[in-house]
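Novice: One predicted model, sequence on top.
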Amino acid sequence: MAGLLQALYRRGRDKWLFQLRDSEPGTVTLTMRRVFIVPTRAGLAFAALLLVMLIGALNYNLGLGFALTFFVGACAVADMVLTARNLALLRLAPGRAQPVFAGEEARFELHLQNPTRRERYAVWLGFQADGEPRQVADVPAGAGGMVSLSAPARERGWLAAPRVRLVTRFPLGLFKAWSYWQPDARVLVYPAPEWPPAPLPSSGAASEDGHGTVGLDNFAGIRAYQAGDPLRHLAWRQIARHDPALGGQLVTKHFEGGAVAELALDFAALPAQMALEHKLSRMAGWVLEAEQRALPYRFRLARHDYGPALGDAHRAACLRALALFGREDAP
């Protein structure tokens, strides 16, 4: 309970102090009010050196010492201004994000535009939750640039882009300026496909254990046994020989070609005792397997009934339905 209250307090404090926003659609301009600046460790050491120089000049009444101290101090002030201006007036916009499978890294494209005549150097970007930014960009005057940041996609559904932190210490490193940006971007995360994939069902019927069979006509060879393969297809002669080339393992006969009944991937035909996420993973694996083998397939999931068809559009529609199944935020 105490940890939760502390987290809420820090979130409220940061939101008020750094003017954090929940979501910022479209292009965002970093005004000077959104740029924060503090001295770095090098800057604090530099300030201590200036103080020593000033005390020495006062103690010995050295005019040249005063001149040098004020000149170096003016350089520090100029560095502070240039550091803040290195971020100010940058325009930020989210780019396209491609769907990924759960367990992979989602990549967000972030576009930076520099409408001014000043070139921007050493602008570091990263997600706030990752700590110090790891991507750096130089943005020419009157031009733009693109940075790609990755975030782990742990579960299916929509993954919103985390808050982005921009940091710069240019030019002298005496000051650190930073700002925050919450891009209005998200990535669709598909269910992780089951691996190894279960055999494809045929005629829309699945067996009691949720596995199906493909159409069988022409003998295509011998392959390693996979869980779910029919026992009647085991290659007993090769198993009895303990063929060293096959490592002495169980092998099964592989069939392909010929006329195949309509391939139907039906969520309702899966065993009721199977967990929901396992069902979705199996369906995703079947979709990928059917696409890889160029087998037109029909897809049924709740109110979704697609096909039979084949191709990128059909594959994307099926995986999208699996990703958003049961999610309240599905558009």
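Specialist: Looks like it arrived, so ask away. Since the structure is predicted, the reported quantities are computational estimates derived from the model, not experimental observations.
Novice: and the spatially most central residue of the chain, what pLDDT?
Specialist: The chain has Ala106 as the residue nearest its centroid, 1.8 Å off, counting by CA atoms, centre = their mean. At Ala106 the predicted local confidence, pLDDT, stands at 96.
Novice: element containing it, please.
Specialist: Take DSSP states H and E as the rule and Ala106 turns out to sit in strand 105-113.
Novice: Please report how far the residue nearest to the centre of the chain lies from Pro193.
Specialist: From Ala106 over to Pro193 the distance is 16 Å, taken as CB to CB, to the nearest Å. (Glycine included, C-beta is placed from N, CA and C.)
Novice: one step back: name the strands paired with the strand holding Ala106 and say parallel or antiparallel.
Specialist: strand 91-94 (antiparallel), strand 144-152 (antiparallel) (DSSP bridges).
Novice: Only C-alpha atoms, please: export it in PDB.
Specialist: Included here for strand 105-113 are C-alpha records, laid out as PDB according to Å, rounded to 0.1, in the frame of the first residue of the first chain:
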ATOM      1  CA  GLU A 105      10.300  -6.000 -29.600                       C
ATOM      2  CA  ALA A 106       7.900  -3.300 -30.900                       C
ATOM      3  CA  ARG A 107       9.500  -0.500 -32.800                       C
ATOM      4  CA  PHE A 108       8.200   3.000 -32.800                       C
ATOM      5  CA  GLU A 109       9.300   5.500 -35.500                       C
ATOM      6  CA  LEU A 110       9.700   9.100 -34.200                       C
ATOM      7  CA  HIS A 111      10.200  12.000 -36.600                       C
ATOM      8  CA  LEU A 112      12.100  15.100 -35.600                       C
ATOM      9  CA  GLN A 113      11.800  18.400 -37.600                       C
END
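Novice: Any stretches of the chain with poor pLDDT?
Specialist: The chain contains residues with pLDDT under 70 at 1-21, 202-223, 225-233, 238-239, 241-249, 253-261, 328-331.
Novice: all helices in it, in order from the N-terminus.
Specialist: For the chain, the helices identified by DSSP state H occupy 2-17, 41-60, 63-85, 236-241, 276-292, 312-323, in order along the chain.
Novice: Need the winner for burial among these.
Specialist: With neighbours defined by mean count of other CB atoms under 10 Å, none of the helices of the chain is more surrounded on average than helix 276-292, at a mean of 20.
Novice: contacts for that one?
Specialist: Helix 276-292 is contacted from outside by 101, 156, 190-195, 197-198, 200-201, 210, 263, 265, 267, 270, 274, 296-297, 299, 301, 310, 315, 318-319, 322, 325-326, using CB atoms under 8 Å, 6 or more residues apart in numbering.
Novice: Buried members of the residues you listed into PyMOL, please.
Specialist: One line in PyMOL is enough to select the buried ones among the contacts of helix 276-292; burial here means 16 or more other CB atoms under 10 Å:
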select buried, resi 101+156+190+191+192+193+194+197+198+200+201+210+263+265+267+270+297+299+301+310+315+318+319+322+325
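Novice: so which of the strands paired with strand 105-113 gets nearest Leu110?
Specialist: In this view, the strands paired with strand 105-113 are compared for proximity to Leu110 by CB to CB, and strand 144-152 is the closest at 5.0 Å.
Novice: quick one: contacts of the closest one?
Specialist: Applying CB under 8 Å, 6+ apart, the external contacts of strand 144-152 come out as 95, 105-114, 125-127, 135, 137-139, 159, 161-162, 164.
Novice: Could you tell me how far that strand lies from the centre of the chain?
Specialist: Mean C-alpha position of strand 144-152 versus that of the full chain (CA atoms, centre = their mean, to the nearest Å) differs by 10 Å.
Novice: Which positions in that strand come out as buried?
Specialist: By neighbour count, with 16+ other CB under 10 Å as the criterion, the buried positions of strand 144-152 are Val147, Leu149, Ala151.
Novice: Return the set of residues that bridge with the last one.
Specialist: When bridges are assigned using DSSP bridges, the partners listed for Ala151 are Ala106.
Novice: so how far is Ala284 from it?
Specialist: Taking CB to CB, one finds Ala151 at 21 Å from Ala284.
Novice: Who are the contact partners of the closest residue in space to Ala102 that isn't next to it in sequence?
Specialist: With sequence-adjacent residues excluded and distances taken as CB to CB, 6 or more residues apart in numbering, Ala102 is closest to Ala192, at 4.2 Å. The contact partners of Ala192, taken as CB under 8 Å, 6+ apart, are Phe101, Ala102, Gly103, Arg156, Ser281, Ala284.
Novice: can you redo the buried residues of strand 144-152 as a markdown table with distance to Gln182?
Specialist: Written out in a markdown table, the entries for these read as follows (distance: CB to CB, whole Å):
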| residue | distance to Gln182 |
| --- | --- |
| Val147 | 16 |
| Leu149 | 13 |
| Ala151 | 13 |
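Novice: count of residues packed around Thr116?
Specialist: 15 (other CB atoms under 10 Å).
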